[in-house]
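Trainee: Kindly generate the corresponding structure for this input.
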Amino acid sequence: MTQLVHHPAYLFIVLIVLLSVGAILGAIVMQRVVPFSDDARDNYNVVQGATLTLLALLIGFTLSMAVSRYDQRKNYEEEEANAIGTEYVRADLLGSPGAEKAKALLVKYLDLRIVYYRTRNAHELEALGTQTTAVQTQLWAAVREAAEARPTPITALAVAGMNDVLNTQGYTQAAWLNRIPVSAWALMMSIAFFSNLMQGYGVRGKTGRRVLLFVLPITVSLSLSLIADIDSPRGGLIRVVPQNLLSLQQSMSAN
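Mentor: Next up, the predicted model:
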């Protein structure tokens, strides 16, 4: 289930099959095994309406959760760019040769952060994490050496800026790991299945059956796949583009 929701395209295919099977089971199997009379139609409509309403509420709440997480990832990308750009300017406060060393490391670190936002490869991401940690260690060593050599309030500004650079990376990583719980996905898929089962169970007539058996599964599958796409930082089409980091990279290259 965890790997499935990380790939919205695969999730859409699975949902189409699952929900269509549920609708067909309701229309073919349940109508034959447990047929109900017209007198029970009113009670059925109440239960069906309640089930579809619950499904709609769950989809709405889950979409809100996914969008808030997406916005959080975008905000942290902006904060990372601001922190790195600010520290690149403050590095001059370290004096020579610490300033040159810190600036060169910040340029290298910025390149790694851009790759972090763009990559989809799990093996590349693991290697990237090791490289990022190594550069972070070098960055902190650079400002620490300068602070020990010149323990002044001006140097402290550069140290505080480097601390922000390191902290924002941690916040970004935590935001990218913050996903909709798998239990919530399981609950939504279960309710979606039973909703389509009941939809098929209540279909009357050949024309209505052909339409209703596929419209609802497709609609619900698209909705859940959209949520998974927004919630998946790397597996979907909707991704956080490091626009601020790229702009900062161009600005550093121009200097």
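Trainee: Run through the helices of the stretch 51-200 of the chain in chain order.
Mentor: 98-118, 122-149, 153-177, 182-201 (DSSP state H, counting those that start in this stretch).
Trainee: Reformat those as CSV; add mean neighbour count and distance to Ile28.
Mentor: Yep, even glycine has a C-beta here, placed from its N, CA and C like the rest. Compiled in CSV, these are given as follows (neighbours: other Cβ atoms under 10 Å; distance: least, Cβ to Cβ, whole Å):
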stretch, mean neighbour count, distance to Ile28
helix 98-118, 19, 47
helix 122-149, 15, 42
helix 153-177, 17, 43
helix 182-201, 19, 8
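Trainee: Any chance of the ones you listed in JSON lines with mean pLDDT as columns?
Mentor: Listed next are those as JSON lines, based on pLDDT from 0 to 100:
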{"stretch": "helix 98-118", "mean pLDDT": "92"}
{"stretch": "helix 122-149", "mean pLDDT": "89"}
{"stretch": "helix 153-177", "mean pLDDT": "91"}
{"stretch": "helix 182-201", "mean pLDDT": "88"}
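Trainee: Among those, single out whichever gets nearest to Thr51.
Mentor: Among the helices of the stretch 51-200 of the chain, the nearest to Thr51 by Cβ to Cβ is helix 182-201 (5.0 Å).
Trainee: So what touches that closest one?
Mentor: Outside helix 182-201, the residues that touch it by Cβ atoms under 8 Å, 6 or more residues apart in numbering are 1-2, 5, 15, 18-20, 22-28, 30-31, 44, 47-48, 51-52, 54-55, 58-59, 62, 65, 209, 212-213, 216-217, 220, 224, 228.
Trainee: just stretch 244-255 next, same as before
Mentor: Stretch 244-255 is contacted by residues 77-78, 80-82, 84-85, 88, 106-107, 110-111, 113-114, 117 when judged by Cβ under 8 Å, 6+ apart.
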